[in-house]
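Colleague: model the structure of this input:
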Amino acid sequence: MNVRRHSEAAFETVIEEHLLAHGYIRVAPTAYDKARAIFPDEVLAFVRATQAKEWARLESLHGEQTGEQILERHSVLDLLARFVHLQIDEKRDDQGRKVRTEAMIFPRYHQLQAVRILTAAARDEGPGHNQLVEHSAGSGKSNTIGWLAHRLAALHDEHDPETGERFTVKRYESRKAPTGDSWSHGEVTLRPVNPDYPPIVISANDGERLAVVAELVEVLKPAAPAS
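Modeller: Now for the predicted structure:
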């Protein structure tokens, strides 16, 4: 009995030879980045080949540092831990049968930047500041809101290490008013999940001074302690 034929190394060799014979290519082990657990050159080559237009836009923003910006270690880990998720939907077809669909949700660049910039602003500037997030139709604003809400809800700092109640998460409510063949916002209410904070009401009486063009995120100061 040939022991070497049944060793793990021999098994790996057979698998490698089969893959190489069916379209795979060999990559030098020295190209492996242990810190990021990837082959950086291969990843970037794949992105450039499959998403040429998106890559060109990124290069216009970051120049020669685009690759490092995309594969920066903490950025990759942040994406995997806090953004990428499997979305599962269940619907019924015309015959009443339940249909299950799955989609891997990955943030687009503008979504990623919006969440990170607003989180950093809330952390650095503290309470009492308003931030406006503006997205066009179909740009994924619902996911941006969800990612941002999770970030702000878990945002703690040294001022309140025990409860972390420096920021609030609000529910968006809108009362619609008919305007001819369409409709407009008659009144918008941002209602904090925490009942200790009052709601923010934006009514039609505000006229041209205020217009609902996107989602508003406001950081509220903690309620004053009862005397």
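Colleague: now the biggest helix by length in the chain: buried residues?
Modeller: In the chain, with assignment by DSSP state H, the single longest helix is helix 109-125. Across helix 109-125, burial judged by 16 or more other Cβ atoms under 10 Å covers 111-112, 114-116, 118-119, 122-123. To be clear about C-beta, it is placed using only N, CA and C from the backbone, and glycine gets the same treatment.
Colleague: helices of this protein, start to end?
Modeller: Along the chain, counting by DSSP H, helices occupy 8-20, 40-50, 52-62, 66-71, 73-82, 109-125, 141-153.
Colleague: and the last one with helix 109-125, angle?
Modeller: Spelled out, it's helix 141-153. Going by axes from the mean of the first three to the mean of the last three Cα atoms, to 10 degrees, helix 141-153 is angled at 30 degrees with respect to helix 109-125.
Colleague: and helix 141-153, what does it pack onto?
Modeller: helix 73-82, helix 109-125, strand 130-133, strand 215-218 (3 or more Cβ pairs under 8 Å, 6 or more residues apart in numbering; DSSP states H and E).
Colleague: give me the residues contacting the first one.
Modeller: When contacts are defined by Cβ atoms under 8 Å, 6 or more residues apart in numbering, helix 73-82 is touched by residues 35-36, 38, 69, 106-107, 112, 147, 150-151.
Colleague: for the longest one, same thing?
Modeller: Residues from elsewhere that reach helix 109-125 (Cβ under 8 Å, 6+ apart): 54, 57-58, 79, 83, 107, 129, 131, 133, 135, 139-140, 143-144, 147-148, 151-152, 155, 157, 167, 217, 219.
Colleague: just the buried ones from those?
Modeller: Buried among the contacts of helix 109-125 (16+ other Cβ under 10 Å): 58, 83, 107, 131, 133, 135, 140, 143-144, 147-148, 151-152, 167, 217, 219.
Colleague: where does this protein dip in pLDDT?
Modeller: Applying pLDDT under 70 to the chain flags residues 1-5, 127, 156-170, 180-182, 185, 204-227.
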